[in-house]
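> take a look and give me a structure for this.
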Amino acid sequence: MPKKTTINALKILAHIAGPNPQRQRQFEEELVNREVASKIYQLRERARLSQAALARRVGTTQSVISRLEDADYDGHSLAMLNRIAAAVHCRVEIRFVALKRHLKSA
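Okay, the predicted model is just below:
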């Protein structure tokens, strides 16, 4: 029976990370960065704000908002997330979840 292939990007990346703990940590960090960037974008879109409009509410520049919405950015601070949340009448919630011992491969 031929090996089943997947098109699930997360499973493919987990497979690439393999059993290497350092690569798995990097993979998890990238997932978190992507999730934070996506949440900021979704909040802004739901509030029907441009990046410039959100920046004015937060007291920063459009380029900072653009950087925060970039999945490759890894400098998110809780202080800035709180400022963004307040600007769109939300609050930040933080959860701690157990890490999977090993990422599931494809």
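
> how near is the residue lying closest to residue 13 once chain neighbours are set aside to residue 98?
Nearest non-adjacent residue to residue 13, counting by C-beta to C-beta, 6 or more residues apart in numbering: residue 27, 6.1 Å away. Glycine gets a C-beta too; all of them are placed from N, C-alpha and C. Residue 27 sits 16 Å away from residue 98, going by C-beta to C-beta, to the nearest Å.

> out of the two, which sits in the busier spot?
Taking neighbours as other C-beta atoms under 10 Å, residue 27 and residue 98 compare with residue 27 leading, 18 against 5.

> looking at that one now. What's its pLDDT?
At residue 27, the model reports a pLDDT of 80.

> residue 15 is in contact with that one, correct?
No. Shown here, residue 27 and residue 15 do not form a contact pair, counting by C-beta atoms under 8 Å, at 10.4 Å.

> lowest-pLDDT helix or strand in this structure?
Here the helix or strand of the chain ranked lowest by mean pLDDT, DSSP states H and E is helix 9-17, holding a mean of 71.

> now that one: buried residues?
By 16 or more other C-beta atoms under 10 Å, the buried positions in helix 9-17 come out as 13-14, 17.
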